[in-house]
Structures are given as structure tokens and as C-alpha cells.
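Engineer: Quick one, structure for this:
(chains A and B)
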Amino acid sequence: MNVFDEIALALTSAFAALQQEGRLDGALTPDRFSVEPPRDASHGDIATNIAMVYARDLAPGFTSPRQFATEIVTRLGQHPLVAKVDVAGPGFINIRLQHAALAGVLRAALQQKSRFGRPPAHHQPVNVEYVSANPTGPMHVGHGRGAVFGDALAALLEFAGARVTREFYINDAGAQVDVLARSAFLRYREARGETIGAIPEGLYPGDYLKAIGAQLARDHGDALAAMPEKQWLPLVRQAAIDAMMALIRDDLAALNIRHDVFFSEASLTRNASAADQVRAAIDALQARGLIYQGTLPPPKGALPDDWEDREQTLFRSTQFGDDVDRALMKSDGSYTYFASDIAYHADKLKRGFSTMIDIWGADHGGYVKRMKAAVAALSDGKGELDIKLCQLVKLMRDGEPVKMSKRSGEFVTLREVVDEVGVDAVRFMMLFRKNDAPLDFDLAKVIEKSRENPVFYVQYAFARTQSAFRQAAQVFPDLNVAPEALAASDLDLVNHPAELELLRIMAQFPRLIDQAARAHEPHRVAFYLHDLASALHSHWTAGKDMPHLRFVNEENRQLTQSRLALVAGVAEILRTGLALLGVGAPDEMR
RNA sequence: GGCCCCGUAGCUCAGUGGAUUAGAGCAGCCGCCUUCUAAGCGGCAGGUCGCAGGUUCGAGCCCUGCCGGGGUCGCCA
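Structural biologist: Below is the predicted model:
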């Protein structure tokens, strides 16, 4: 039950009535107005700007937004959810809901439980691609942010009714996995007793490759050492990639993240049984006249050392808003990463995903335009690709930056952070910031048990709701607190201003879900939960000063049950919201 | 130099279908524990929403330019 949608519906029919009466341009569609909680609570529960938005489209002699608003108000006054309607300011319509409307929200929350807030399912297929790290080492904290963001976004979209596929693109085709293979080979020699000394510049120095070296030594004995590189490289490469992917999956599992599809970049060309999909994608663009042989102007900044003016295979991405056309073939004749990525997205389109979301690190921002251009070209403008960039994570401890050096191979891994502070803290903090804003992650702060730590603050609110039930069980051992019984209790008794405030915030949950899902912004859920938790804490403390406000009233069994209904409703939303973020809702914090 | 992101209270940040008096936390000051977890709550103070124009009846939000910070800049991924 979304009261905002209900009111919007009523406004739409008022709008249509005015059109029928010829007082409003009949060609208009009522899709530009807003129905939202007013900034100032004294303005009521819901405000709309409909009269102001359409004021200029009124029939002659009927032109003032306020006058228009008055017309709508008379029609809205009859609506069963509406208690009071006012015209304010330049033509705002402020609506106060019937108590029964708010009670209805609570009842719906109790009845629908974990489904409360869900819009009607639309079953649109959506592909969310996230993580997509090079399989060359353990995940670091920056990867973790993209991983958590993607996972929460996928859950949010699923909740909002989409059919979501969670996808991981394995970058197992470029030069970097060859470097990985050479690094692993070195560890193999080491494992067989050779002294390898310092890891040469350009190879991965991390200790995590020692295990692979040892495994290779066990599996192949001396055989690899006797081969020329050309022969051992593919063997070692595949073994190393498999081991790295196992490592990465493990890191993800530690964060409760799972993917439906792991898509190998190499499979686009190396899969012997399939045709070369990259070639096919380029051909598809060729058929649209979007491929040509040409030269590009040199880049504006510092010229690369090995720059040479060269004719190459280019995609006309500029026809779709990119700044320059983009190369698809390297000078050695192999495909560029971009070419593979075009084929990959062509594959997603072929699998029926007209809506795609890619989660990338902010350092790939320069790549966005060309990828969108490619999808527009491949789908003839029908495919929709949204690319969310996650900014850097700066690890802190008590306000001091944690030193990290990737070059030496000694960097703080995602796994280390998860092991230190726990899944809930990592996930919540990663989501308690807009994705395109940099994030300071303080290892000390996120495990603090204080209001300064939002993870704790929200979980504590949930724990308090459960505490109220434990308390109630002491006082009224036989009180029926099943959701159905609570939904059937007398909700008119939930009428104190502080209680109504909680109901109003609850009523906003369905709208919040809708907007967060549309905007692809799971952080809104985290902030909403913080607000709801705040209202709960506030009301809870009020019960300390004014015992008659407590949820559990020893002298009034019926009142207690009604108030427990409120508590249960809040708890239900907290639980649902936390679940969307992948964060636990503990019954107690002790 | 081009492109992208960011610039809101002393600090860290919310605020996208433009709108009625711009919000929260921290830090500062003043308060609240014999009773549902004070691991919490209330109050005070604090802002030319980077600057300048523009569109609009109305701009933190849209457009242009500038300033400041970050990212990125044929074949890396």
C-alpha cells in the first residue's frame, strides 16, 4: 500500500475531470506533478504541486494556480484517505491523511511482512554486472565497495519487481593474465627449490601466488620447467586464473555475495566450439556502417613514448555522443579490451537484457561514453545501459589513514577488513554513502557501539523493538503478538503524535523503494533506515520520561497490543530494509 | 588542454520527476538514567547551498562560463 500512489491516482482523476469540463487542455497527460512528503511536517502528510505545474495550461479566465488548486481540493476532499486539504503558498496542495489511512499502512506492513513496500512485480529482466575484477589477486577494499553496491542494487531491483541476473565479467583475456601466469611460474620454480630472489619488476610479487606455485609443482613435477614458455604459459595461466577466481569467490562469499553468471572474457574468442563473438560483434557494427579504417589525432596530454601515427580499425562512437572514435584492434592484431566488451554487451542483449547496469570503479569513468555508444549502436537505441561509478575507499583507523602499498604486494585485502569488523559493518558502511562520493572507511569507528556508528545505530533500533516484545512477554505471557493478531488489534489507539510520526515514516517506505530502485541508488535505503531508527529511538526515550507512552503498559492489555503492532511494523520495515542491504537484524546487541 | 565526478554548517555528509521556513551526525554549549538496553534522547548555537550569469511565477536541484579538488586521456584492464 503506497499512499502516495493512491493520492496520485486521485489527483489524476481530478485532472481528467477538469479536462472533461474543458477547463484544462485536453491533450495534456498528468505525468509531471509530484506527490511527496512536505519538507515541513506542519504542512501535512502529503504535498503536491499539480496546480502550479499545469497552471499555464488552464482555460482562459481560469488562470491562477491557487484557483486551480481550489478546484482540485474540492474533488479531493471526498477521498476516503484524506482528512484535510489546504491550498498554501503559491498553489501547493497540502494533504492531511485520515488516521485510518496511516493505520492502514501499519496493517499492511503487518500483513504483508517482508513483502511490504514492494510495488507490483513487472518481471522485466535486468542484468547487473558488478565486481568484474582482474583475476590476478585477492580483492581489495575498493573492489568490495563495487561488490556490495552491485549486490545491494540487485536486491533492491529484485524487490522492486525486476527479474535480476547478477553477473561477474572475468577479465581473463588480456596481457595481465599472462603476467599472472609468469608470476605463478616463478613461484613454481621457487616451490621446486630454486632461489628466485626478488620478484622482477612487472610481475606480481604477492605471497598469495606461492600456493599456486606449490600446487603446480605437485601437479606437474619437473615437466613445466622443461617446456618452452609458449608451451607452459597456457597451462599455468589457466591454473592461476582458476585459483584466483576461487580466491575471489571466497572473498565474495565472506560478504554474502553470490553471482548467477560468471562470464569469461576469454570465452568470447577462445571457446573452440563457438564462433569468434568479438568478430561477430564487429561485423554487426560493420553492417551498420559504423566501422572504418582510419587514424586518430594524438592525445592532447603528454604523448605516450611509443606513439606512432597508425591506421587502425575504428568504431564510430562519436555518432553516439563519444568524444573520439575508438580503436578495436591492437597493433599486434589482437582485439582491444573495448572490442571484447562490445561483444560481451552484445551477448547480454542477445540473452534478452534490454536493461543493463554496469558497476565500475571511478577510474573507468573515461570509458563510459564509448560503452554506452556501443550499446546504443548494437541495439539500435533500444538497449538501456546505466553505468554506476563507485569512488575510492580510503581506509582509516581512528581518523588516521591506513597505509597501503600495492607495489610491494602488501595491501590490506578486503578479506582482512571483513574478518576484522564483520560483514554487517562493511556492507552497511559501503552503502551509507552515495556511490559517486569518496568514502572514508574507519575500521575503529564501524565497530563502536555508539550512535556515531550508523550500523550499530540501526541494528540497535531493531534490537530495541525485539526487547519490547521480550518485555511484553514478561507482563502479558499469554498475549497474542502474532502479526495477524496485531493487525487485527485496535489501531485507533496508536494516535500519539510521536506514534503518528513513526507511521508517517513507515508510510514513506514504499515510495522510498520505488525511487531508490528507479535511481539505482541503494544508499537511499540505508539513509531511510537511519531516519526510521532515529524516530524509534526518540520515541523509546520519550517513554522513559513519560511512562504512559511506553509500548508495554501493565494496566492496559489492549493498548499494549496496539502499540506492539506499531513496534512490529517498524521492526518489519527495519528487517526488510536491512535485508535489502544484506545486513543482519540481531534480536539483541549484547 | 579535452572529458567525467565532486564543491551544502567548523568537520563528515543527506537532499534528482524545480517549489511552501535548506536537513542529519560529529565537534561546542545546556540538559535527561530507582522502571521497556543512557549502546539512547531533548535543547541551544551554527549555512551568501564554490563564484557569476541565465531559463522559470519559483533553482541546492536545469543551462552557460569561471574558480577549487579528484579521476581519466590511441593498442593497459
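
Engineer: Which positions in the stretch 201-350 of chain A make contact with RNA strand B?
Structural biologist: For the stretch 201-350 of chain A, the residues found near RNA strand B under the criterion C-beta under 7 Å from any atom of the strand are A:265, A:295-296, A:298-301, A:304, A:306-310, A:312, A:323, A:326-327, A:330-332, A:336-338. Glycine gets a C-beta too; all of them are placed from N, C-alpha and C.

Engineer: er, the stretch 451-590 of chain A actually
Structural biologist: Checking the stretch 451-590 of chain A against RNA strand B by C-beta under 7 Å from any atom of the strand, the hits are A:451-452, A:456-457, A:460, A:463-464, A:467-468, A:470-471, A:515, A:519, A:521, A:523-524, A:527, A:534, A:537-545, A:547, A:549-552, A:588-590.

Engineer: Can you flag the buried ones in the residues you listed?
Structural biologist: A:456-457, A:460, A:463-464, A:467-468, A:521, A:523-524, A:527, A:537, A:539-540, A:543, A:549-552 (16 or more other C-beta atoms under 10 Å).

Engineer: In contact with residue A:144, which residues?
Structural biologist: Going by C-beta atoms under 8 Å, 6 or more residues apart in numbering, residue A:144 touches A:255, A:393, A:414, A:417, A:418, A:426, A:430.

Engineer: The first one touches residue A:427, doesn't it?
Structural biologist: Yes. Taking C-beta atoms under 8 Å as the definition, residue A:255 is a contact partner of residue A:427 at 6.6 Å.

Engineer: Show me the common contact partners of these two, please.
Structural biologist: In contact with both residue A:255 and residue A:427: A:148, A:582, using C-beta under 8 Å, 6+ apart.

Engineer: Compare the two and say which one has the larger neighbour count.
Structural biologist: residue A:427 (27 against 21; other C-beta atoms under 10 Å).

Engineer: Report the distance from the strand or helix carrying the more buried one to the chain centre.
Structural biologist: Element membership for residue A:427, per DSSP states H and E: helix A:423-431. Its chain's C-alpha centre and that of helix A:423-431 lie 12 Å apart, by C-alpha atoms, centre = their mean, to the nearest Å.

Engineer: Mind checking if it is in reach of RNA strand B?
Structural biologist: No. Applying C-beta under 7 Å from any atom of the strand, one finds helix A:423-431 separated from RNA strand B by no less than 10.7 Å.

Engineer: Same question for stretch A:179-199.
Structural biologist: No. Residues of stretch A:179-199 are not located near RNA strand B by C-beta under 7 Å from any atom of the strand, the shortest gap being 8.7 Å.

Engineer: Let's have the contacts of residue A:144 in JSON lines, adding pLDDT and secondary structure.
Structural biologist: Shown next, in JSON lines, are those (pLDDT from 0 to 100; DSSP: H, G, I helix; E, B strand; the rest coil):
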{"residue": "A:255", "pLDDT": "96", "secondary structure": "coil"}
{"residue": "A:393", "pLDDT": "91", "secondary structure": "strand"}
{"residue": "A:414", "pLDDT": "93", "secondary structure": "helix"}
{"residue": "A:417", "pLDDT": "93", "secondary structure": "helix"}
{"residue": "A:418", "pLDDT": "95", "secondary structure": "helix"}
{"residue": "A:426", "pLDDT": "95", "secondary structure": "helix"}
{"residue": "A:430", "pLDDT": "95", "secondary structure": "helix"}
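
Engineer: could you dump those residues to a markdown table with distance to residue A:41?
Structural biologist: Compiled in a markdown table, these are given as follows (distance: C-beta to C-beta, whole Å):
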| residue | distance to residue A:41 |
| --- | --- |
| A:255 | 38 |
| A:393 | 36 |
| A:414 | 42 |
| A:417 | 40 |
| A:418 | 40 |
| A:426 | 35 |
| A:430 | 31 |
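
Engineer: Pull out the buried residues from the helix or strand harbouring residue A:505.
Structural biologist: Assigned by DSSP H and E, residue A:505 belongs to helix A:497-507. Going by neighbour count (16+ other C-beta under 10 Å), the buried part of helix A:497-507 is A:499, A:500, A:502, A:503, A:504, A:505, A:506, A:507.

Engineer: need the contact list for the nearest residue to the second one once chain neighbours are set aside.
Structural biologist: Leaving aside its sequence neighbours, residue A:500 sits nearest to residue A:102 (C-beta to C-beta, 6 or more residues apart in numbering; 6.5 Å). By C-beta under 8 Å, 6+ apart, the contact set of residue A:102 is A:45, A:500, A:503, A:504, A:507.

Engineer: Quick check: pLDDT value at residue A:102.
Structural biologist: pLDDT recorded at residue A:102 is 94.

Engineer: Does it lie in a helix or a strand, and which?
Structural biologist: helix A:99-112.

Engineer: again with residue A:289
Structural biologist: Going by DSSP H and E, residue A:289 is not in any helix or strand.

Engineer: Show me which of the contacts of residue A:144 is closest to residue A:381.
Structural biologist: residue A:430 (33.9 Å; C-beta to C-beta).

Engineer: quick one: that closest one and residue A:142 touch, right?
Structural biologist: No. Contact criterion C-beta under 8 Å: residue A:430 and residue A:142 do not qualify, at 10.4 Å.

Engineer: and the worst-scoring helix or strand of chain A on mean pLDDT, which strands flank it?
Structural biologist: Ranked by mean pLDDT, DSSP states H and E, the weakest helix or strand in chain A is strand A:400-401, scoring a mean of 82. Under the criterion DSSP bridges, strand A:400-401 sits next to strand A:393-397 (antiparallel) in its sheet.

Engineer: Okay, buried residues for the strand it pairs with please.
Structural biologist: Buried-residue list, strand A:393-397, by 16+ other C-beta under 10 Å: A:393, A:395, A:396.
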